[in-house]
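Asks: Fold the following and give me the result.
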Amino acid sequence: MPVVFFAAPILSENASRMIAAVVALPGVRVGVISQAPLDDLPPALRSQVGHWRVPDVLHTGQLMDAVTQLEARVGRVDRLLAAYEQLQVPLAEIRELRGITGMRVAAAHNFRDKARMKSLLREAGLPCARHRLAATREDAAAFAREIGFSLIVKPPSGAGAQATSRVDDLPALLAAVDAAAPGPDRPVLLEEYVTGDEHSFETVSIGGRAVWHSLTHYYPSPLEVLRNPWIQWCLVLPREVEEPQYDDIRSAAFRALGVLGMETGLTHMEWFRRPDGTIAISEVAARPPGAQIMTIISRAHDFDAVAAWARLMVFGDFAAPPRQYAVGAAYLRGQGNGRVRAIRGLDQVQHEIGSLVVDAKLPTPGQTPTGSYEGEGFVILRHPETAVVQRALQRLISLVRVELAS
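Replies: Residues are numbered from 1 along each chain as shown. Modelled structure (predicted):
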């Protein structure tokens, strides 16, 4: 009977969904480590898991103590899991100390340290943006002189466009570097700003071999959305995934996972198609994707992708039915300032494309804006033809308006 511990800083809706998927596996006993109280889990889950609360879930020592305490209640742990990217290294450290199956420390650092990742990929001849770690303003200015603008400024261990900005000239660069307050032990990561269309590429690997993959198209890039509050972000998962047009990224992605040391798990890669048709890998995360992509994959295949991920991580096997649909998501962002006041255009959306809607989480009056590219809610559409989904998404974001008011 496998014993699985799942770690998460908060017991969010997504974390609860993943914990429920692990609990549902046959013969599995589950422990949960979190900064949040057990009461934050749905009532049906609380009696099915052991729980240990820590002040800082990212602290390896506190995690180790939690593992020890939970083992006394649940049994000796066989798997340590997390979907939160910042937990990958601490969990790997515990796995190595305790001899637990799963990703090791070196591989976890390869995925978490984006400068290290890009160096490994470039050394292997894989296409990715040029980069430099800068500990001072002088380091940053030197890199700008070398490759020119625009540049991306971000922390080496960021995730999901956190603390990431684009700068287009030297004053903006120096201001961004000053705001990051870098130093010899805490440099800031500078990257060439890659132009082109942005995409994601998801891969399931077992024993170091890619056994399944998917991809999505971003409209536009998340960073561009953050720079322009009026843009409603969309993504499309096409029904066609084995087309020759994806041969180059498929080959590069599989090679990249080998270079970084992926054994068994689900990865989320972001990449660009440049205007000249070439590709560039942005970065890779050794975790399930966010932005509702797991739900989108589920709808495309008519199965539960989260349940399949749980089985992959616990039992090392994975199965997905053939893809039957294209699926797209529109992320509804508030326009104006203040809290959500009203949502306009929903009646027309229901009239024109309501039959395509399979999931929706609408903003609520009084809601505080998230400030992220995912906005205050989303609508997910599905149809057997990719072009139908693309057109419907464009119509949806032309009709719906989330109004904010102080």
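
Asks: For the helix or strand of the chain with the lowest mean pLDDT, which residues meet the burial criterion?
Replies: Least confident helix or strand of the chain, by mean pLDDT, DSSP states H and E, is helix 222-227 with a mean of 80. Across helix 222-227, burial judged by 16 or more other CB atoms under 10 Å covers 222-223, 225-226. Heads up, the C-betas are built off the backbone N, CA and C, glycines and all.

Asks: got it, and stretch 170-180?
Replies: Using 16+ other CB under 10 Å as the test for burial, stretch 170-180 gives 172-174, 176-177, 180.

Asks: same thing with stretch 251-258?
Replies: Here stretch 251-258 shows 252-257 as buried, counting by 16+ other CB under 10 Å.

Asks: residues contacting Ala253?
Replies: With contacts defined as CB atoms under 8 Å, 6 or more residues apart in numbering, Ala253 is in contact with 201, 203, 210, 213, 269, 271, 281.

Asks: what about the stretch 51-200 of the chain, any weak spots by pLDDT?
Replies: Within the stretch 51-200 of the chain, the stretches with pLDDT under 70 are 157-163.

Asks: Could you export the buried residues of stretch 251-258 as a markdown table, including distance to Arg29, pLDDT and secondary structure?
Replies: Output for the buried residues of stretch 251-258, formatted as a markdown table (distance: CB to CB, whole Å; pLDDT from 0 to 100; DSSP: H, G, I helix; E, B strand; the rest coil):
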| residue | distance to Arg29 | pLDDT | secondary structure |
| --- | --- | --- | --- |
| Ala252 | 40 | 97 | helix |
| Ala253 | 35 | 97 | helix |
| Phe254 | 35 | 98 | helix |
| Arg255 | 38 | 98 | helix |
| Ala256 | 35 | 98 | helix |
| Leu257 | 31 | 98 | helix |
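
Asks: ok, Leu25 touching Arg311?
Replies: Yes: counting by CB atoms under 8 Å, Leu25 does reach Arg311; the two are 6.3 Å apart.

Asks: between those two, which one's more packed in?
Replies: Arg311 (20 against 16; other CB atoms under 10 Å).

Asks: Next, the more buried one: secondary structure please.
Replies: With DSSP: H, G, I helix; E, B strand; the rest coil as the basis, Arg311 sits in helix.

Asks: sorry, back to before: could I get the buried residues of helix 222-227 as JSON lines with distance to His351?
Replies: Conversion of these to JSON lines gives the following (distance: CB to CB, whole Å):
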{"residue": "Pro222", "distance to His351": "30"}
{"residue": "Leu223", "distance to His351": "34"}
{"residue": "Val225", "distance to His351": "27"}
{"residue": "Leu226", "distance to His351": "32"}
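
Asks: which of these lies closest to Asp317?
Replies: Of all the buried residues of helix 222-227, Asp317 sits closest to Pro222, with 32.4 Å by CB to CB.

Asks: Distance-wise, check the closest one relative to Tyr373.
Replies: From Pro222 across to Tyr373, the span is 4 Å (CB to CB, to the nearest Å).

Asks: for Val57, same thing?
Replies: In this view, Val57 and Tyr373 are 25 Å apart by CB to CB.

Asks: returning to that earlier point: now, of the contacts of Ala253, which are buried?
Replies: 201, 203, 210, 213, 269, 271, 281.

Asks: Please identify which helix or strand holds the first one.
Replies: Secondary structure here is read from DSSP states H and E; on that basis Phe201 sits in strand 197-206.

Asks: For that strand, which residues meet the burial criterion?
Replies: 198-205.

Asks: Can I get the residues you listed in a markdown table including distance to Phe315?
Replies: Listed next are the buried residues of strand 197-206 as a markdown table, based on distance: CB to CB, whole Å:
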| residue | distance to Phe315 |
| --- | --- |
| Glu198 | 34 |
| His199 | 30 |
| Ser200 | 26 |
| Phe201 | 24 |
| Glu202 | 20 |
| Thr203 | 18 |
| Val204 | 13 |
| Ser205 | 15 |
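
Asks: From these, pick the one nearest Gln350.
Replies: Using CB to CB, those come closest to Gln350 at Ser200, 29.1 Å.

Asks: didn't that closest one look like it was pressed against Pro289?
Replies: Yes: using CB under 8 Å, Ser200 is in contact with Pro289, at 6.4 Å.

Asks: Give me the common contacts of those two.
Replies: The contact sets of Ser200 and Pro289 overlap at His268 (CB under 8 Å, 6+ apart).
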